[in-house]
Each structure stands twice: as C-alpha cells, then as structure tokens.
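Sequence and computational prediction follow.
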Amino acid sequence: MDNINKIKEFWDSKALDYGTKPEATTNDVFMRHIEIDYICSYLSSFGEPLKILDIGCGNGYSTLECKKRVKWHTFTGADYSEEMIRAAREQQKEYKILNGIEFKVMDVLKLSDYKEKYDIIITDRCLINLSNLNNRKKALCEIAACLNNGGQYLMIENFIEGHVEMNRLRAYLDLPEIPVRWHNSFFSLNEFRDSIKHIFKMESCENISSLYYLVTRVVYSKLCQMEGREPDYDHPIYEVASKLPPIGDFGPVYAIKLVRR
Ligand SMILES: C[S@@+](CC[C@H](N)C(=O)[O-])C[C@H]1O[C@@H](n2cnc3c(N)ncnc32)[C@H](O)[C@@H]1O
C-alpha cells in the first residue's frame, strides 16, 4: 500500500478511536486553541456573511467552534475521511448548531470536481498529510481554483524552518531531536513561495507556534527529562504557553493569509 493510502487509513482509524473527542486530530489541544483563535479573529474581520470552506476539518471540532463564535458566515466542513465526516455530523448534533454549517466528504486533491466556489478557504494542518511536493502543489492549485474572484485562503500548516529552529534550541539543552511524524511532510518556505507565485499573493505569514513550542517543547521538555518523566499534554504549562503572542520562529505551525491572483 502506498503512503497516501496508509495516511488515509490512519485518519479513518483516528476517527473510529476518538469519535467526537477533540483529540481525534491532535493530542495537542492547546495548540489547536491557538489555531482556532487565529481563524476566528481572521473571520471576524469580514463583517458581511461569506461562504467558507474548511477543508481537512477532521471531526468538525474547530469548524463548529468557529461557527459558534463567528455566526454570520456559512460554513462547509469537508474531509476525505468518511469516518471523520460521520463524527463531525454527530458532533454537530451535540453542538445543536443545525443551520449555516454542513459537513461533506471531499478530497482537497479533487476540490474543483465538486464545482463549488467559496469566498474563503481554510486548511488547518491538512496539506501536511499529502505525502509529497507534487500533491502539495496540486492542492494549492485546487484551492485557488475554488475561490471566488478576490477570494482568500487562510493556510495553517507546518513548515520545516520553524521545526528545525525548535530542534536547534532542544540541542542546546541536550534534548533529542523531535522527528517529523511518518504521516506528515512539512512545507519549506522556498518551495511554498515557488508553488504559489502565479496563483496567490501572500498578505502575511506568522509563526503562531513559536513561543508555545519554546515553552512546551524546549523548557518543559527539559524539566521532564531532568525529573525522569514523560511530558503530559494535560499539564497547565500548555494552557499558559497558549496565551503567548506569535513572536519568533521556534515552532512549525505558520498561519499564512493569501489572496487569489
Ligand atoms: C491534523 S488533522 C486536522 C483536522 C482539523 N483541521 C483540526 O485542526 O482539528 C488533518 C485532517 O486532514 C484530513 N485530510 C488529509 N488529507 C486530506 C485530503 N486529501 N483531503 C481532505 N482531507 C484530508 C485528515 O482526514 C484529517 O482529518
């Protein structure tokens, strides 16, 4: 089985194991709070009701949180995992938000096949699951093709540059390198700039994980190593670190605002 099929199986199994729990798509729920806050603040800056697609929405946790907070937009949450979409629809009933949001099975690599256009498309750690550069490039083109004129793309994805910097700090404290997980392949800034140059204009690029990773993956990890215990995602330091602003370049998660050319 090639990697892309194994990755899809991985996400199906996460949906079956975790259902509607926030951990279905990440153990690091406070990093996702940072991402959700960023998305909501971005969407709040558009006063008129817009048609939003959140592609790679997982079990719908962040899409529903956004709809709850930025009520006036219409949301489609989509994912290629039927199991994730099943969990998202269940979660929608738990949230009791029935209007202005729907969940659909869609593959980001075939987005234009669905013949729908959106004002804003969001990805939150979706394109890092596409296995290789060709697929990442194709996904960016598909996203651009499904935006209305003047449409915008908010991309929250992992970049190797911030990941390397975080590992450089860990090395100072004799901590082992954190590898990129088998199912992820990160963007690099040069590759990304080259991929988007004809399709998007970059409005801003912020590392939203920098101080959070500095505190949790460097300082807290060192304390755990000294005390001979494993880091625990429930430790209050994660919540405290999640309140820090986007300063520096010591973590992998970047938020990039793009406008279709
Ligand atoms: C890391 S999870 C993030 C989920 C959600 N955005 C969040 O922040 O909780 C990645 C999601 O992308 C989905 N995904 C991966 N490849 C995809 C593709 N080609 N098309 C649509 N969804 C995809 C996976 O099924 C998974 O739910």
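Now that the structure is in, tell me what you want to look at. What you are looking at is a predicted structure, and each value in this text was computed from that prediction instead of being measured.

Count the neighbours of residue 236 for me.
Neighbour count for residue 236, taken as other Cβ atoms under 10 Å: 8. Placement of C-beta: from N, CA and C, glycine included.

Which of the three states applies to residue 139?
Under DSSP: H, G, I helix; E, B strand; the rest coil, the three-state class of residue 139 is helix.

was I right about residue 125 contacting residue 181?
No: using Cβ atoms under 8 Å, residue 125 makes no contact with residue 181, being 11.2 Å away.

So for these two, which sits in the more crowded spot?
Neighbour count, other Cβ under 10 Å: between residue 125 and residue 181, residue 125 has more, with 20 against 10.

which residues does the more buried one contact?
Neighbouring residues of residue 125 by Cβ atoms under 8 Å, 6 or more residues apart in numbering: 25-26, 35, 56, 156-158, 253.

Any of those residues buried? List them.
Neighbour-count burial (16 or more other Cβ atoms under 10 Å) applied to these gives 25-26, 35, 56, 156-158, 253.

surely residue 140 meets residue 202?
No: Residue 140 is not in contact with residue 202 according to Cβ under 8 Å; the separation is 11.9 Å.

So the two - more neighbours on which side?
Using other Cβ under 10 Å as the criterion, residue 140 and residue 202 rank with residue 140 on top: 22 against 14.

check contacts around the more buried one.
127, 195-196, 199-200.

please redo it, this time with the cut-off set to 7 Å
Counting by Cβ atoms under 7 Å, 6 or more residues apart in numbering, residue 140 makes contact with 195-196, 199.

Residue numbers of the chain in contact with the ligand?
Residues of the chain that fall close to the ligand, judged by Cβ under 6 Å from any ligand atom: 11, 25-26, 32, 55-58, 61-62, 79-81, 84, 107-109, 124-126, 129.

repeat that for 5 Å
By Cβ under 5 Å from any ligand atom, the part of the chain that sits against the ligand consists of 11, 25, 56, 58, 62, 79-81, 84, 107-108, 124-126, 129.

what two of those residues are the furthest from one another?
The distance between the two most remote of these (Cβ to Cβ) is 19.1 Å, for 62 and 107.

okay, these two: which has more neighbours?
Between residue 62 and residue 107, residue 62 has the larger neighbour count (other Cβ under 10 Å), namely 25 against 17.

Double-check the more buried one against residue 34; I have them as touching.
No: using Cβ atoms under 7 Å, residue 62 is not in contact with residue 34, being 11.1 Å away.

follow-up on the earlier one: closest to residue 19 among the residues of the chain next to the ligand?
Closest to residue 19, out of all of the residues of the chain next to the ligand and judged by Cβ to Cβ, is residue 84, at 10.0 Å.

Helix or strand: which one has that closest one?
Taking DSSP states H and E as the definition, residue 84 sits inside helix 82-95.

List the buried residues for that helix?
Going by neighbour count (16+ other Cβ under 10 Å), the buried part of helix 82-95 is 83-89, 91-92, 95.

got those as a markdown table, with distance to residue 169 and pLDDT columns?
Shown next, in a markdown table, are the buried residues of helix 82-95 (distance: Cβ to Cβ, whole Å; pLDDT from 0 to 100):
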| residue | distance to residue 169 | pLDDT |
| --- | --- | --- |
| 83 | 37 | 98 |
| 84 | 34 | 98 |
| 85 | 38 | 98 |
| 86 | 40 | 98 |
| 87 | 36 | 98 |
| 88 | 36 | 98 |
| 89 | 42 | 98 |
| 91 | 37 | 97 |
| 92 | 40 | 98 |
| 95 | 39 | 95 |
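
Right, I'll call it a day here.
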